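Trainee: predicted coordinates and the sequence they were generated for:
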Amino acid sequence: AIDLSVTWLGQTMPGCLYNASGVWCREEDELEALHASAAAAVITKSATLKPRDGNPEPRYCRTPLGSINSMGLPNRGFDYYLDYARRYRYGSGKPLFLSLSGLSLDDNCAMLRRLAEEGLPAVPEVNLSCPNVPGKPQLGYDFAATAEALEAFDAAYSGLYGVKLPPYFDPAHFAAMAEILNRHPRLAFVTCINSIGNGLVVDIDSEAVVIKPKDGLGGLGGDYVLPTALANVREFFRLLPGKDVVGCGGVKSGREAFMHILAGARAVQVGTCLYHEGPGAFSRIAGELAMLMRVKGYRSLDAFRGRLRTL
Ligand SMILES: O=C1NC(=O)NC(C(=O)O)N1
């Protein structure tokens, strides 16, 4: 039999696929649908301390190659997701991750401290990479600010946590970030990647952009981002010994999930594809991955994780 289970963060989850933060996870009924699906874990929409409406619509658009979004962190606020985390069924074996995207370092630390006080099994994934809040540059592109933030996170939260990284495009940037991330032993995982920020999709019929915020600039997902996502997974897999890398970006079938794991991913998140297919995507993709493994003679993910060959 094919084993798709993943052991990390001191627990074993029944599979390797779950949602990317932001997709199918803002409302409790969405989260419950994910938990009831073949998703092996659940992560909540990035929370800010207070509820947010987000950016004006249209703010999401599907394209033949994926998606563009400038949601602007619309969410129910930290208390809503903390309340959900209090009632979540951890006994299912499906971990719950809380995505935190504070609008300031103080907000991120306040949320981490509140979460620590609760002593819940939920694991924080701190979003360093939202590209869509006007006036808020992506923290992950400011190395000094990232270094300062991680020191503060360590002081605010005594458990294991992760960060959601933006895509990087230069070996010097991979090295600079790895040097910072490797200072933090309780930073247990990085999720690579968030959307490729500030793309521009043009509709030639209307001769206009397709989303309203930021004059049409938005984060790209889907086929557009797969090679960049795989590069970030493989580089951080090499550069962060002892940490896990979660793959996110361009996964729409067992093939891309296989690629992410081959590149080193411990687990794999699904965003754009989930947005359009719904939670049924998880059983389809898991089945395709299992079939691919069977054909190749792999019985578990450990048999090929990180074994991407170079020439
Ligand atoms: O981190 C984020 N990445 C995105 O692509 N969009 C959302 C958002 O805009 O809320 N946040």
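Mentor: Yep, that arrived.
Trainee: the ligand contacts on the stretch 201-311 of the chain?
Mentor: Neighbours of the ligand within the stretch 201-311 of the chain, by C-beta under 6 Å from any ligand atom: Gly219. C-beta here means a position set from N, CA and C on the backbone, and glycine is covered the same way.
Trainee: what parts of the stretch 1-150 of the chain come near the ligand?
Mentor: So the stretch 1-150 of the chain meets the ligand at 22, 46, 69-73, 127, 129-130, 132 (C-beta under 6 Å from any ligand atom).
Trainee: rerun that using 5 Å as the cut-off
Mentor: 22, 71, 73, 130, 132 (C-beta under 5 Å from any ligand atom).
Trainee: residues in contact with the third one?
Mentor: This means Leu73. 46, 48, 52, 54, 101, 130, 132-133 (C-beta atoms under 8 Å, 6 or more residues apart in numbering).
Trainee: same thing with the fourth one?
Mentor: Shown here is Cys130, whose contacts under the criterion C-beta under 8 Å, 6+ apart are 46, 73, 101, 136, 138, 194.
Trainee: can you rerun that using 10 Å?
Mentor: 21-22, 46, 48, 71-73, 99, 101, 103, 136-140, 164, 166, 194-195, 197, 219 (C-beta atoms under 10 Å, 6 or more residues apart in numbering).
Trainee: just Asp215 next, same as before
Mentor: Asp215 neighbours (C-beta under 10 Å, 6+ apart): 70, 200, 209.
Trainee: which ones among those lie within strands?
Mentor: Among the contacts of Asp215, the ones falling in strands (DSSP state E) are 200, 209.
Trainee: which one (most neighbours) among the contacts of Asp215?
Mentor: Highest neighbour count within the contacts of Asp215: Ser70, with 29 neighbours (other C-beta atoms under 10 Å).
Trainee: all strands of the stretch 151-300 of the chain, in order?
Mentor: For the stretch 151-300 of the chain, the strands defined by DSSP state E, counting those that start in this stretch cover 161-165, 187-192, 196-200, 202-203, 208-209, 217-222, 244-248, 267-270.
Trainee: got those strands as a markdown table, with mean pLDDT columns?
Mentor: Formatted as a markdown table, those follow (pLDDT from 0 to 100):
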| stretch | mean pLDDT |
| --- | --- |
| strand 161-165 | 98 |
| strand 187-192 | 99 |
| strand 196-200 | 98 |
| strand 202-203 | 98 |
| strand 208-209 | 98 |
| strand 217-222 | 98 |
| strand 244-248 | 99 |
| strand 267-270 | 99 |
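Trainee: got the ones you listed as a markdown table, with distance to Phe153 columns?
Mentor: Shown next, in a markdown table, are the strands of the stretch 151-300 of the chain (distance: least, C-beta to C-beta, whole Å):
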| stretch | distance to Phe153 |
| --- | --- |
| strand 161-165 | 7 |
| strand 187-192 | 8 |
| strand 196-200 | 22 |
| strand 202-203 | 39 |
| strand 208-209 | 36 |
| strand 217-222 | 23 |
| strand 244-248 | 17 |
| strand 267-270 | 21 |
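Trainee: out of those, which gets nearest to Phe237?
Mentor: strand 244-248 (4.9 Å; C-beta to C-beta).
Trainee: buried residues in stretch 46-63, which are they?
Mentor: 46-49, 52, 54-55, 59-63 (16 or more other C-beta atoms under 10 Å).
Trainee: equivalent analysis for stretch 197-205, please.
Mentor: Those would be 197-199, 201, for stretch 197-205 by 16+ other C-beta under 10 Å.
Trainee: pick the one among the residues you listed closest to the ligand.
Mentor: Closest to the ligand out of those is Gly197 (7.5 Å), distances taken as C-beta to the nearest ligand atom.
Trainee: the contacts of Leu73 into a markdown table, with extra columns for pLDDT, secondary structure and distance to Ser92?
Mentor: Output for the contacts of Leu73, formatted as a markdown table (pLDDT from 0 to 100; DSSP: H, G, I helix; E, B strand; the rest coil; distance: C-beta to C-beta, whole Å):
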| residue | pLDDT | secondary structure | distance to Ser92 |
| --- | --- | --- | --- |
| Ser46 | 98 | coil | 23 |
| Thr48 | 98 | coil | 27 |
| Arg52 | 98 | strand | 29 |
| Gly54 | 98 | coil | 30 |
| Ser101 | 98 | coil | 26 |
| Cys130 | 93 | coil | 29 |
| Asn132 | 91 | coil | 32 |
| Val133 | 93 | coil | 33 |
